[in-house]
Each structure stands twice: as structure tokens, then as C-alpha cells.
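In: 3D model of this:
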Amino acid sequence: MAHLFICPNCGARSTATDRTAGFRSTPKGCAKCGFGFLFELLDDYYPAPDAAFFACDQQGNVIACGRGSFELTGLDDERVIGRPVSEVLGLEWGDQPDAVATVLEWGVRQLDKPVSVNAEGDLPARATADLFPAYDDDGGLLLVLTPEK
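Out: Numbers count the residues shown, from 1 in each chain. Modelled structure (predicted):
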């Protein structure tokens, strides 16, 4: 069975028959950019060209900023990594439940969620959020924000 993967750093999609690299339990890395781990997708997923990627740990703290993150937020990696994603990006879900909390608690995908992004020192912007849980022992999530036009 082929598994679908997406890189949080460059957005490259790949398929593989194994979730790990060789006989070790080391997670697969990106063959395109060399990033250390990939997120597995249950369905194929095509992010928009201007989408911003944020990988988070099991507490929702940013552990990696990928393609498009600086363009959307104006924040470089040093100002974002290690901080709660909802706080540093100023995510407001309106009258819907916090999608980050839902993904972390239940391990389910949340797709096409409208969100307001108000990163520190930036103007508020509307975006669509797609969130994917990490299907490994470490937990976490991948947050993909696509700015509204």
C-alpha cells in the first residue's frame, strides 16, 4: 500500500510503501529539500502556491516554519519557533472551535477552516486553514494557511 506524504518545509508531495527510512524507525525525510520529517496524508492534498506551512509539536508549539510562512506573517523562524502557534500567529477561529486544539486532542484532520491571522506587528488577514495530525508516537500537527485573495 502506498502512503502519501507532504513536506512542511517545501510542500513537496511524495508516495512511499513504508513510513520509515529503511529498517530503522527513523521518520522519512524529504527527498527534495532534505527536511528531517514528513507528514503523512490520508488523501492526496494540493496546497495553494502561496500557502504557509507551520509544523507543531504535541503541545501546539511551532517546531518548524516552512514555505510561505515569512511571506504570510513577516516573522522569521527565530521569532516563531518554540512558541504556541495560536498565540504567535494570533489565530482567531470566529464562532468555530479552535481547530488546533481539536487536531491535537482528537488526532483528526480539519480542512477548509476560515481563520483570521494576526501575527505580531502585522495587519490582520483572512485565511483558510488545513490542519493535519502527526501519525507518529510524538504527536503534533501540520498547519497550512492559505491567504484569502
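In: can you give me how far stretch 92-102 is from the chain middle?
Out: In terms of Cα atoms, centre = their mean, to the nearest Å, the centre of stretch 92-102 is found 15 Å from the chain centre.
In: end-to-end on it?
Out: This stretch, stretch 92-102, spans 14 Å end to end (Cα to Cα, to the nearest Å).
In: With stretch 122-142 instead?
Out: End-to-end distance for stretch 122-142, by Cα to Cα: 22 Å.
In: For the spatially closest residue to Leu4 that is not a sequence neighbour, give its distance to Arg13.
Out: Once flanking residues are discounted, Leu4 sits nearest to Leu41: 4.3 Å by Cβ to Cβ, 6 or more residues apart in numbering. All C-beta atoms are positioned from the backbone trio N, CA, C, and that covers glycine. Separation of Leu41 from Arg13 (Cβ to Cβ, to the nearest Å): 8 Å.
In: Give the intersection of the neighbour lists for those two.
Out: Common neighbours of Leu41 and Arg13, counting by Cβ atoms under 8 Å, 6 or more residues apart in numbering, are Leu4, Phe5, Ile6.
In: now the helices for the protein?
Out: 69-73, 77-80, 85-88, 99-106 (DSSP state H).
In: Among these, show me which one is buried the most.
Out: helix 69-73 (a mean of 19; mean count of other Cβ atoms under 10 Å).
In: ok, back up a step: neighbour-wise, give me the winner out of the shared contacts of Leu41 and Arg13.
Out: Within the shared contacts of Leu41 and Arg13, neighbour counts (other Cβ atoms under 10 Å) peak at Ile6, which reaches 23 neighbours.
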